[in-house]
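A.B. asks: Give me the fold of what follows.
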Amino acid sequence: MPKVYLIGAGPGDPELITVKGRRLLARADSVLYDHLANSALLDLAPPSAERLYVGKKKSDHEFTQSEICDLLIERARRGLTVVRLKGGDPFIFGRGGEEAEALADAGIPFEIVPGVTTPLGIAAYTGVPLTHREHTSAVTFVTGHAVAAIDWDKVGHSETLVIFMGLTTFPEISRGLIARGRSPETPAMAVRWATRPDQETIVGTLATLPSLVTAMKPPATIVVGEVVRLREKLDWFGRLPLSGKRIVVTRAREQADALAGQLTTLGAAVIELPTIEIRPPADPAPLRNAIANLDSYDWLIFTSANGVRFFVDHLDDLRKLRAKICAIGPATRAAVETLHVKVDLIGKEYVAEGLLEAFDAIDLSGKRILLPRAAVARDLVPIELAKRGAHVDVVEAYCTVPPGDLPDRIRRVFSQRVDAVTFTSSSTVRNFVDAAGIAPLAGVQVASIGPITSKTASDCGISVAVQAQPFTVEGLVEAVLGLYTEMTPPSEE
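C.D. replies: Down below sits the predicted model:
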């Protein structure tokens, strides 16, 4: 049965959406979302689902509230499962009550899915508990939109006062609270984009904060009360080693999660800018023919997790696999082992030279080796193995191409401050440079996953600040960390 779900998206961090909200998004036919709902959550909806931005920025409404209600009703009557994705919680200054009323009046089934409201996100991510036995036992939420509509004599002396949407009106609110007897020395803070990596926090007092936030832009929430003093002691989020750093990840979208996730956990604001797309081979026949004769090979060498993935896509029966398996590094080995297949050999260093070194003690005379890999790759491995007496068949398992809109996307990303860029392959470097040159990287720290990628960058005129050691995603994260802390020294490369 079609239904409308009013879902709280949480305060900003996409991982703070509820399990139920995530599950319902995965079933949606249509998603109507707000400015305050993190756009990353849209990826949870099916690819076929409609995604409609309905605005709701201050003084910039894509649709009026009445029009939004009409859109919800119209889609539900068409038999669609509709998700209304709202920042924070639908019933805390989110106008969810108005939308629920409109649906009820129209006879449309609906359900409310609560979310983490912004003040709770602020409390957790700034180290400012809204309640504390030694400081406060009362919290009041008010909206700063219409100052005259609030009874400040009644609410202004609440021990902890949380003001939604009051950034532009706070000077007036502050004067009113002080005039009513609240101490001008009362601690106060404003928080913008709470719980996101680019969270901005300004701390002052009831008297000083209005002048401190003149350059801050909405959306922001203000907290007034003695609990603000606890921030200096409890601010775990602001102390993360990469807090406030904007780091670009150029890896293919389907592979970016591991790197982006680890950087985000360390506090970075990660901007995903895939400079490559991974596609099946232009002509799959050679790969299929090799797999048809798989039992004739003595060794199967994988030089990337992508090679494993696309090889398996064409493999209908693992029992055909009698060859021993060599993997270039731990990520590739892990991809093989997910198939419950043993990896017999792995290099000590996760580059072609390390793979060749792993074969030093093995007699390859007359051995048949299959190497499924990218369409464009270094020929070092097949050439050197052939010199050792092996017969090597190299087949294209996949190819990489630059995204069609890459120049525009690079321009948009680098129109804002960027602190560091990570490159995880020579292709990510070359495609970046082909699309935009090296000018966008001026003043930006560049981190490379290994010596081959570093050489490509150097050949393109890019100075590499740090190189991973070992040559893995984990090593790359440690190298980036070393740029901003003393936990890991920069590479001498």
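
A.B. asks: can you dump the C-alpha coordinates of stretch 185-193 into CSV?
C.D. replies: Output in CSV follows, covering the C-alpha atoms of stretch 185-193 (Å, rounded to 0.1, in the frame of the first residue of the first chain):
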residue,chain,number,x,y,z
GLU,A,185,28.6,37.0,31.0
THR,A,186,26.4,33.9,30.5
PRO,A,187,28.4,31.5,28.1
ALA,A,188,26.9,31.2,24.6
MET,A,189,27.9,29.5,21.4
ALA,A,190,26.8,29.3,17.8
VAL,A,191,27.2,26.1,15.8
ARG,A,192,26.9,25.8,12.0
TRP,A,193,26.5,22.5,10.2
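
A.B. asks: low-scoring pLDDT stretches of this protein, where are they?
C.D. replies: Applying pLDDT under 70 to the chain flags the ranges 56-61, 350, 486-493.

A.B. asks: And it, what are its domain boundaries?
C.D. replies: Following automatic domain parsing, one finds the domains of the chain at 4-115, 120-238, 246-276+403-484, 280-400.

A.B. asks: will you turn those into a markdown table that also has mean neighbour count?
C.D. replies: Yep, even glycine has a C-beta here, placed from its N, CA and C like the rest. Converted to a markdown table, the domains of the chain look like this (neighbours: other C-beta atoms under 10 Å):
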| stretch | mean neighbour count |
| --- | --- |
| domain 4-115 | 18 |
| domain 120-238 | 18 |
| domain 246-276+403-484 | 20 |
| domain 280-400 | 17 |
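
A.B. asks: helix or strand right after the biggest strand by length in the chain?
C.D. replies: Criterion DSSP state E: the longest strand present in the chain is strand 391-401. Following strand 391-401 in sequence order, the next helix or strand is helix 406-413 (DSSP states H and E).

A.B. asks: separation between the closest residue to Gly475 other than its chain neighbours and Ile438?
C.D. replies: Spatial nearest neighbour of Gly475, excluding adjacent residues (C-beta to C-beta, 6 or more residues apart in numbering): Ala468 at 3.5 Å. Going from Ala468 to Ile438 by C-beta to C-beta, to the nearest Å gives 21 Å.

A.B. asks: residue ranges for the helices of the stretch 201-350 of the chain, please.
C.D. replies: 209-212, 231-234, 257-265, 285-292, 305-313, 330-337 (DSSP state H, counting those that start in this stretch).

A.B. asks: Need those helices in a markdown table (columns: distance to Thr485).
C.D. replies: Formatted as a markdown table, those follow (distance: least, C-beta to C-beta, whole Å):
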| stretch | distance to Thr485 |
| --- | --- |
| helix 209-212 | 28 |
| helix 231-234 | 20 |
| helix 257-265 | 13 |
| helix 285-292 | 44 |
| helix 305-313 | 29 |
| helix 330-337 | 24 |
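
A.B. asks: and Phe423, which of those is closest to it?
C.D. replies: For Phe423, the closest of the helices of the stretch 201-350 of the chain is helix 257-265, at 10.9 Å, according to C-beta to C-beta.

A.B. asks: other SSEs contacting that closest one?
C.D. replies: Other helices and strands packing on helix 257-265, by 3 or more C-beta pairs under 8 Å, 6 or more residues apart in numbering; DSSP states H and E, are strand 246-249, strand 269-272, helix 473-484.

A.B. asks: Let me have these in TSV, adding distance to Arg288 as columns.
C.D. replies: Listed next are the helices and strands packed on helix 257-265 as TSV, based on distance: least, C-beta to C-beta, whole Å:
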stretch	distance to Arg288
strand 246-249	33
strand 269-272	33
helix 473-484	31
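
A.B. asks: so which of these comes closest to Asp29?
C.D. replies: Nearest of those (C-beta to C-beta): strand 269-272, 26.2 Å.

A.B. asks: Distance from the closest one to the middle of the chain?
C.D. replies: Between the centre of strand 269-272 and the centre of its chain there are 6 Å (C-alpha atoms, centre = their mean, to the nearest Å).

A.B. asks: what's it packed up against?
C.D. replies: strand 246-249, helix 257-265.

A.B. asks: just so I know, which of the ones you listed lies nearest Arg412?
C.D. replies: strand 246-249 (11.6 Å).

A.B. asks: can you tell me which residues contact the residue nearest to Arg411 when sequence neighbours are not counted?
C.D. replies: Closest residue in space to Arg411, ignoring its immediate chain neighbours: Ala436 at 7.1 Å, by C-beta to C-beta, 6+ apart. Applying C-beta atoms under 8 Å, 6 or more residues apart in numbering, we find Ala436 in contact with Leu406, Pro407, Ile410, Arg411, Phe414.

A.B. asks: Would you double-check that Glu111 falls in a helix?
C.D. replies: No - under DSSP: H, G, I helix; E, B strand; the rest coil, Glu111 falls outside any helix and is assigned strand.

A.B. asks: Is it correct that it is in contact with Tyr5?
C.D. replies: Yes - between Glu111 and Tyr5 there is a contact under C-beta atoms under 8 Å: 5.2 Å.

A.B. asks: Endpoints of stretch 339-352, how far apart?
C.D. replies: With C-alpha to C-alpha, to the nearest Å as the measure, stretch 339-352 spans 23 Å from end to end.

A.B. asks: Ok, stretch 75-94 next?
C.D. replies: 21 Å.

A.B. asks: can I get the helices and strands packed on strand 269-272 in TSV with distance to Glu134?
C.D. replies: Putting the helices and strands packed on strand 269-272 into TSV (distance: least, C-beta to C-beta, whole Å) gives the following:
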stretch	distance to Glu134
strand 246-249	38
helix 257-265	32
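
A.B. asks: right, so of the ones you listed, which gets closest to Ala26?
C.D. replies: Of all these, it is helix 257-265 that lies closest to Ala26, at 16.9 Å by C-beta to C-beta.

A.B. asks: how about the CA coordinates for that closest one, as PDB?
C.D. replies: Taking C-alpha atoms only, helix 257-265 is exported to PDB below (Å, rounded to 0.1, in the frame of the first residue of the first chain):
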ATOM      1  CA  ASP A 257      34.400   4.200   0.700                       C
ATOM      2  CA  ALA A 258      37.400   2.600   2.500                       C
ATOM      3  CA  LEU A 259      39.600   5.600   2.100                       C
ATOM      4  CA  ALA A 260      36.900   8.200   2.600                       C
ATOM      5  CA  GLY A 261      35.500   6.400   5.600                       C
ATOM      6  CA  GLN A 262      38.900   6.300   7.400                       C
ATOM      7  CA  LEU A 263      39.700   9.900   6.700                       C
ATOM      8  CA  THR A 264      36.200  11.000   7.900                       C
ATOM      9  CA  THR A 265      36.700   9.000  11.100                       C
END
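
A.B. asks: Alright, that wraps it up for me.
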